[in-house]
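*Asks:* sequence and predicted structure below; questions after.
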Amino acid sequence: MGGGRQMEFLQQMINGLSLGFVYALIAIGYTMVYGIIGLINFAHGDVFMVGGYFGFFAATMLHLPFIPTLLVAMGGAALTGVIVEKIAYKPLRNSPKLSILITAIAMSVLLENLVRLKMTTDPQTYPETLLPAHVIRFAGLSIDNRQLIIIGMSILLVVILQFIVFKTKTGKAMRATSFDKDAAALMGINVDSVISITFAIGSALAGAAGVLFGILYSSIDPYMGIMPGLKAFVAAVLGGIGIIPGALWGGLIMGLVETFSKVYISSSYSDAIAFSILIIILIVKPSGLLGKKTREKV
Amino acid sequence: MFKKKMSLLLSMAMAVGLLAGCGAKSASTTGDIKIGVVLPLTGAVSSFGKSGQNGIKLLEDQVNKAGGINGRKIKFIFEDDEGKPDTAVTVGTKLISSDNVVAIVGPLTSGSCIALGPIATQSKVPMITGSGTNPDVTIKGGEYVYRACFIDPFQGSVLAKFASGDLKAKTAAILYDNGNDYSKGLAEFFEKGFIAAGGKIVGKETYATGDKDFKAQLTKIKPTKPDVVLLPDYYGTVGNIAKQARAIGINAPLLGGDGWDSAELFKVGGTAVNNSYISDHYSANDTASLVVAFQKDYKAKYNLEADAMAVLNYDAAKIMVEAIKTSGKTDGQSIKAALQKTNLQVVSGKVSFDANRDAIKGAVILKVDASKFNFIKKLVP
Amino acid sequence: MKKEFRNTIILLVIGVILFLILSFLMDTEILNRYYGRIVILICINVILAVSLNLIIGITGQLTLGHAGFMSIGAYAAAMATIQLNVTFPVALLLGGVAAGLIGYLIGLPTLSLKGDYLAITTLGFGEIIRVVITNIDQLGGGRGLSGIPPKTTFAWVFFIMVFTILIIYNIARSSQGRAMMSVREDEIAAEAMGINTTKYKIMAFVIGSFFAGIAGGLFSHYLMYIKPEQFGFLKSVDLVTYVVMGGMGSLTGSVLSTGILTILPEFLRFMNDYRMIIYPIALIVIMRFRPQGLMGTKELSMKIFDKFSKGSDEDAAFKGK
């Protein structure tokens, strides 16, 4: 029956968007870091996970309500991201790309296992009371209010980010450094601080995503960052690595593609399909959707 | 120079390390009787592994306090297989060849059992698993592999019969992890049993291990209006799925297998898992004296409620210890012969082995309600 | 005689001697089954590392999907043995060819991508392969493929390892190898010099995948039971670690680092809970203080053999330059 189908489609659309925004928040962090120092920060997915756990602590130990929990998670994640940068990436700034990659991967495994040691592999549950679920039913749709809040929250965070990047001095410094690190340094910009700030902001967003994820799917575990991290990374590349709006669109597309391929094609192949479509896009337009073809000068 | 020195040093370290490990073979006729244990102490199902470890350690205490086996103390040597089959083989081989254990208890996951079984048989070391429910464990494992629990075909058909007969379900939907052998196996056996009982499968959806978002699949299942929904996976995932299912309005009773059995289920699933039924190995409500005594001892030692994994591993270890005691010897062949003749009442029921070395054991159906698993009925094969 | 040829013979001789020593140790149980198993796993991992080094180290193409080719070889070889009842060497060959073929099909469109994009595409393909295998019931899917006859022995594994090292060594020293290295160093300049970079990239990719497939076949006939999860992204990452730790472009380095990194988890097994914390920390420290890996891009020098006629071959082998 047509009406039912449409409703289901809309329902899945919302499912896809809320998932997509979670991916987008993570992807933005990837893309910011890549834009500044050309590094694939493999540990980023785990910063997302750490944020989720910070939020868990805030909610269960400190009994904080939603917004403070979110802030605690973002702060904790930002701190984690900056520490990782200082310990692992900064000393290797002039090393071959691949060594940094290995370090990032090692960092990722380290974070996962540190959390596992403390918290065990068992999933921890976000308290229901943090953001009580109300299923809003209208016109045959069942919308989880939390999905709407997540979408709203994510849009807000992205807007704030855009403001920071385009309307503040720090943002200007960030943009300058991502264009040309050396020139920026020569202009008096403290490149080290800029890099740390970039990590902090990107990680904070991932931390927020961690909390939203924990609320939406109610459980967190030490390995929850692996797959979303991977998909968010793909999202960042899809949108054009280094380009923030690209990461946003990339994340949304990833969320939608994943959801719809589960519904209309096959739930067992959804991961493979998601990867395939993106590989195709990369082959057809390698600089990503919003990227510009940069000519490599010799 | 540095490179030269370093490579030399490293290669020497390697060589020393390799040789250092091969020490003298310890005698197996005096001293402690060493029994190897392979469990997932880390990894995705580490809480199962920890429970199993607790159960076995409890047995160790009890047996040794009572004088051990024919005067010799027993010592369980625990190794972690991380829930991975190739790690299971590596640590299993270590237990057999380096630690010279006389027998192995475990592994816990079917995948690890299937991988390690042939090695145990090759080395003539009897192996007993308390929880590997995939039929291949004994089929592919060989002569020395024993299984102290029921198998998935039995579990699946028990669930199907219950759903069709007791719950009067005519239609069922299944949502399972097609990358997990346990989940996939149980789903398939339930389907067979349910269709055989006259039912119809109206929805069959899958997800990948580690997925958190099931809304797409659940939204697909909902309009088919199944009478029951089968979620044959472990507690962590199931709790989540149940929550999402209830949130979008699927109110049919849920079904599950022994993978649900953990106190953690309620932490993740909350009230969403109420009105569900699972097949399991034993019921905590059982008033049999062995069960009550076990629960009391377990609580006294660990201040935790015993769960199915603790019980199953305790039982498996106990069966093995009894076999060693009965055989009077510590060589593999004698122990195996004694194992085959096992007829023992353990916490999870009466155990004897059939020609396939599978335990002839019943199952129970438990109702999940209000943070408890409540006994409904018992079924025998 | 030509230097490469002489070196090949010498390496072969060293190989045979090593084999005899190790076989002796294993047969007399001085190295018991547990250690024997580690040795075999090291050999399989070396084949994987060396084949990956051809792609990453020598040709400079970052691939994160190498475990996918291993799995293709593992499954193809296993099915060939089980279904078609072919002999072991034929099964292995089929596994390698299957992997190489898929390597070619994947390489064609993707090798035009650069750097991180190539990395993520290969990662994607690795995942796709895994998901596809998980969904093919005839291969056991998520339940895994069991009942593979245990045909892998130390002899097979060791000599295929030596064979692989020798082949890749010779490729590296050939004109094709030099072309590959020029792609690594500066792709644009290489193109400008008239080198068909795509051709050499694909060549390295296909050869690398072929050997990964062979290693996979050895693996499946050793473990007797394989599951798709064993060949996921984390395994590919392991393999890349072996290569980078040893030094990209250095085959000796790959052999050494693979040996160390395969043994290390076993040594750290007693502190199992902390193993996966110490291990990555160790990696990070090594990357910090010696990011070029153990051997950088250098190999063991064969010049020593000019001076010594015979002697302690073990000794000489480790007096690198």
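*Replies:* Received it, and whenever you're ready, just let me know what you need.
*Asks:* spell out which residues of the stretch 51-200 of chain B are next to chain C.
*Replies:* Residues of the stretch 51-200 of chain B lying close to chain C by Cβ under 8 Å from any Cβ of the partner chain are B:79-80, B:84-86, B:89-91, B:93-94, B:96-98, B:111, B:114-115, B:118, B:123, B:134, B:136, B:140, B:177-181, B:183-185. Every C-beta, even on glycine, is put in place using the N, C-alpha and C of the backbone.
*Asks:* just the helices in chain B please.
*Replies:* Assignment of helices within chain B using DSSP state H yields the ranges B:2-21, B:46-65, B:85-97, B:110-122, B:136-141, B:152-161, B:181-196, B:215-221, B:235-247, B:264-269, B:289-302, B:308-327, B:332-340.
*Asks:* go on, chain C?
*Replies:* Along chain C, the segments classed as helices by DSSP H run C:3-27, C:33-53, C:66-84, C:88-110, C:115-135, C:154-172, C:175-185, C:187-192, C:197-223, C:233-246, C:251-267, C:272-289, C:304-307, C:313-318.
*Asks:* which one of the ones you listed lies closest to B:L58?
*Replies:* Ranking the helices of chain C by proximity to B:L58 (Cβ to Cβ) places helix C:272-289 first, at 21.0 Å.
*Asks:* which stretches of the chain have low pLDDT?
*Replies:* Picking chain A for this. Flagging of chain A using pLDDT under 70 yields the residue ranges A:1-4, A:140-142, A:286, A:292-298.
*Asks:* not quite, I wanted chain C
*Replies:* C:1-2, C:115-116, C:272, C:297-298, C:300-321.
*Asks:* point to the residue nearest the middle of it.
*Replies:* Nearest to the mean C-alpha position of chain C, by Cα atoms, centre = their mean, lies C:L48 at 1.5 Å.
*Asks:* right, and it touches C:G217 too?
*Replies:* No: taking Cβ atoms under 8 Å as the definition, C:L48 is not a contact partner of C:G217, at 11.9 Å.
*Asks:* what does the stretch 151-300 of chain B put close to chain A?
*Replies:* So the stretch 151-300 of chain B meets chain A at B:178, B:205-208, B:210-213, B:215-217, B:219-220, B:223, B:236, B:239-240, B:243-244, B:247-249, B:264, B:267-268, B:270 (Cβ under 8 Å from any Cβ).
*Asks:* got the residue ranges for the helices in the stretch 51-200 of chain A?
*Replies:* Remark: helices assigned in the stretch 51-200 of chain A by DSSP state H, counting those that start in this stretch are A:66-84, A:97-119, A:145-167, A:169-179, A:181-186, A:191-217.
*Asks:* can you tell me which of these is nearest to C:I202?
*Replies:* Evaluated over these, closeness to C:I202 peaks at helix A:97-119, with 20.9 Å, by Cβ to Cβ.
*Asks:* residue contacts, the closest residue to chain B within the stretch 101-250 of chain A?
*Replies:* Residue nearest to chain B within the stretch 101-250 of chain A (Cβ to the nearest Cβ): A:Y217, separated by 4.1 Å. Listed by Cβ atoms under 8 Å, 6 or more residues apart in numbering or on different chains, the contact partners of A:Y217 are B:212-213, B:240, B:244.
*Asks:* count the neighbours of C:A189 for me.
*Replies:* Neighbourhood size, C:A189 [other Cβ atoms under 10 Å in any protein chain shown]: 12.
*Asks:* my guess is B:I248 contacts B:Q217. True?
*Replies:* No: B:I248 is not in contact with B:Q217 according to Cβ under 8 Å; the separation is 10.6 Å.
*Asks:* so between the two, which is more surrounded?
*Replies:* Neighbour comparison, B:I248 and B:Q217: the larger count goes to B:Q217, with 24 against 18 (by other Cβ under 10 Å).
*Asks:* stretch A:10-22: which residues count as buried?
*Replies:* Across stretch A:10-22, burial judged by 16 or more other Cβ atoms under 10 Å in any protein chain shown covers A:11-12, A:14-22.
*Asks:* show me those that map onto strands.
*Replies:* Within the buried residues of stretch A:10-22, no residue falls in strands by DSSP state E.
*Asks:* near chain B, from those?
*Replies:* Among the buried residues of stretch A:10-22, chain B is touched by A:11-12, A:15, A:19 when using Cβ under 8 Å from any Cβ.
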